[in-house]
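>>> Could you look at this predicted model? Sequence included:
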Amino acid sequence: MNNNSTKYVELRERYPEFLYEAFHHEWTAEGLRLWFDFRMGDVVFHPEALFEARPFLSCDVPAQVLDRMVFDIGMIELISYWKCACPPTVRVLCGALTDEQTAFWRKLYWNGLGEFFYTNGISESPEAFLRVESGERRVENGERRTENKTSQNGGSPFSTLHSPLTASYLVPIGGGKDSVVTLELLRRAGKTIRPLIMNPRGATRECARVAGFPLEEVLVIRRKIDPTLLELNAKGYLNGHTPFSAMLAFYTRLASVLSGIPNVALSNESSANESTVLGTSVNHQYSKSLEFEDDFRAYSPSFNYFSFLRPLSELQIAMLFSRFTAYHDVFRSCNVGSKEDIWCGHCAKCLFAYIILSPFIEPARLNEIFGKSMLDDTSLDLEFRQLLGLAETKPFECVGTVSEVRQALQMAVERWYKDRLPKLLEYDGTPASRRQIINLEHISPIGNLTEEERQILQQACTEKNN
């Protein structure tokens, strides 16, 4: 953890305002291009994104609907740029927000940046950290920055579009086990699926391919970070985690409108609700939590954004994933090794994935997948203790609950390691005394699923592994 509290104060004094000046969108031969104009003192940012052209995307979307969708994408994009100096005021010059919508954004920024504030050693209050002002006109360098000013008054994006295909689902593919489970269970239930990938990489492309979807049949979004932000990071400006899943939510909302598919099925499990810093509200996975999901649904009425796996634990998801053997050699969820499309074998995310799958996949096969026996790597002792809840924080990664980790290890010991304990378990001891029973056949009542969707999960969880 860093102590950047002094730098935080200095940067806020140097940059008192962050301006959201304009948003833009145009259809080109490549697809729907978006770009944004942000300003912070003498620093300007112009992030971009592209929805790649596909025959199943409609360019016949009313301008006011498209404006509203793109404006909100700008509101979530700006958080990545705002955080480098944390100006005390965000001034929105290209749109108007109601009081309720302003409160939504302030809550999302505050909770979504909880890890950022914690790891930078910044002590701040939710009341003082940010003021959001909107709906004002302003002239910059002789140019009026209000050419695409939009009012955020809600309403259904489908009210003027084609009839929704109620049995169709957009399924974001992240390359890990969770989205594979969503994809396979909905597909096997006879639902019409359209995978969605942001910034395709090896694992995401391969998971879609194994499911029967070449990239030309996938809804692809390519998002570019303005290199100016990376230059500021290199100069020592503030940096840290931002709520990526919230960003994905707003991009999938536009993808839903463009494709005419009203259901966006995420793959966030119940474990995402547990704090990363135990005993606090700091949660690496806040934008994957049910709280954010419910807030986003309220902000975006008539848009069915939900997590299909919300009623499940990580253990249940691992159990289900273990049955889909065609994906075992292609899935990846290691952030460290994502650019090389590998399991790095040295981080908490790799260790967690190994542990949670360990009760369901025999050790020799698991070692082939991850490249080694991770439970025998004593250099991972700190990460192991964090996952067990024996340190101040859990790892700042998308990992399961302490209870799930402990039960997974105990189940693995009982099934595979009766004669010899792996070295990490020898060193730290088995978590048997802290075991909390998770019923793998029971699904939680939480979430925003239909009864039919719950039945799909329930049936899958009560089937026996081969």
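Yep, it's here.

>>> how far away is residue 339 from residue 206?
If you measure residue 339 against residue 206 using Cβ to Cβ, to the nearest Å, the figure is 15 Å. Heads up, the C-betas are built off the backbone N, CA and C, glycines and all.

>>> go on, residue 19?
Distance, residue 19 to residue 206, by Cβ to Cβ: 41 Å.

>>> Of those two, give the one with the bigger neighbour count.
residue 19 (22 against 19; other Cβ atoms under 10 Å).

>>> Can you tell me the centre-most residue of the chain?
Note on the chain: the residue nearest the mean C-alpha position is residue 245, at 2.6 Å, using Cα atoms, centre = their mean.

>>> ok, that residue - contacts?
The contact partners of residue 245, by Cβ atoms under 8 Å, 6 or more residues apart in numbering, come to 266, 268, 285, 287-288, 292.

>>> Could you work out the most separated pair of these?
Maximum pairwise distance among these (Cβ to Cβ): 12.0 Å, between 266 and 285.

>>> For the stretch 201-350 of the chain, give me the ranges with low pLDDT.
Applying pLDDT under 70 to the stretch 201-350 of the chain flags residues 272, 278.

>>> what are the ranges of the strands in it?
If DSSP state E, counting those that start in this stretch is used as the criterion, the strands of the stretch 201-350 of the chain fall at 219-224, 263-266, 304-307.

>>> Indicate which one of these is closest to residue 279.
Using Cβ to Cβ, the strands of the stretch 201-350 of the chain put strand 304-307 closest to residue 279, at 25.2 Å.

>>> Longest strand of this structure, counting residues only.
Looking across the chain with DSSP state E, the single longest strand is strand 17-28.

>>> CA atoms of it as CSV?
Output in CSV follows, covering the C-alpha atoms of strand 17-28 (Å, rounded to 0.1, in the frame of the first residue of the first chain):
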residue,chain,number,x,y,z
GLU,A,17,-11.9,20.8,-12.4
PHE,A,18,-12.3,17.9,-14.8
LEU,A,19,-14.4,18.8,-17.9
TYR,A,20,-16.5,16.4,-19.9
GLU,A,21,-16.7,18.6,-23.0
ALA,A,22,-18.2,16.5,-25.7
PHE,A,23,-19.0,13.0,-27.0
HIS,A,24,-19.1,11.9,-30.6
HIS,A,25,-20.3,8.9,-32.6
GLU,A,26,-20.3,8.0,-36.3
TRP,A,27,-20.9,5.0,-38.4
THR,A,28,-18.0,4.1,-40.6
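
>>> Distance check, residue 176 against residue 207.
According to Cβ to Cβ, residue 176 and residue 207 sit 8 Å apart.

>>> intersection of neighbour lists for the two?
residue 331.

>>> who has more neighbours, these two?
Counted by other Cβ under 10 Å, residue 176 and residue 207 do not tie: residue 207 has more neighbours, with 26 against 22.

>>> wait, isn't that one in contact with residue 330?
Yes. Shown here, residue 207 and residue 330 form a contact pair, counting by Cβ atoms under 8 Å, at 6.1 Å.

>>> List the buried residues of the longest strand of the chain.
Across strand 17-28, burial judged by 16 or more other Cβ atoms under 10 Å covers 18-25.

>>> for the helix or strand following it, packing partners?
Going down the chain from strand 17-28, the next helix or strand is strand 31-40, by DSSP states H and E. Applying 3 or more Cβ pairs under 8 Å, 6 or more residues apart in numbering; DSSP states H and E, we find strand 31-40 packed against strand 17-28, strand 43-45, strand 48-52, helix 63-82.

>>> mind redoing it with 10 Å?
Other elements packing on strand 31-40 under the criterion 3 or more Cβ pairs under 10 Å, 6 or more residues apart in numbering; DSSP states H and E are strand 17-28, strand 43-45, strand 48-52, helix 63-82, strand 89-92, strand 219-224, helix 227-234, helix 244-259.

>>> who does the third one pair up with?
When pairing is defined by DSSP bridges, strand 48-52 lines up against strand 31-40 (antiparallel), strand 219-224 (antiparallel).

>>> Show me the one of these that comes nearest residue 94.
The closest of the strands paired with strand 48-52 to residue 94 is strand 31-40. By Cβ to Cβ, the value is 8.2 Å.

>>> mean confidence score for the closest one?
On average, the pLDDT along strand 31-40 is 98.

>>> Could you do stretch 123-130 as well?
When pLDDT is averaged over stretch 123-130, the result is 91.

>>> to the chain's geometric centre, what's the distance from that stretch?
24 Å (Cα atoms, centre = their mean, to the nearest Å).

>>> Of all the residues in it, which ones are buried?
Neighbour-count burial for stretch 123-130 [16+ other Cβ under 10 Å]: 124, 129-130.

>>> any chance of the residues you listed in TSV, with distance to residue 300 too?
What follows is these, written out as TSV (distance: Cβ to Cβ, whole Å):
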residue	distance to residue 300
124	28
129	24
130	22
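
>>> so how many other residues sit close to residue 171?
30.

>>> Now for it: which residues touch it?
By Cβ atoms under 10 Å, 6 or more residues apart in numbering, residue 171 lies in contact with 179-180, 182-184, 186-187, 191, 193-197, 208, 211, 213, 218-219, 252, 261, 263-267, 308.

>>> Can you give me every residue that contacts residue 182?
Counting by Cβ under 10 Å, 6+ apart, residue 182 has contacts 169, 171-173, 193, 265-268, 307-309, 317, 320, 457.

>>> switch to 6 Å and redo it
Residues in contact with residue 182 (Cβ atoms under 6 Å, 6 or more residues apart in numbering) are 171, 265, 267, 308.

>>> so which of these comes closest to residue 376?
residue 267 (29.9 Å).
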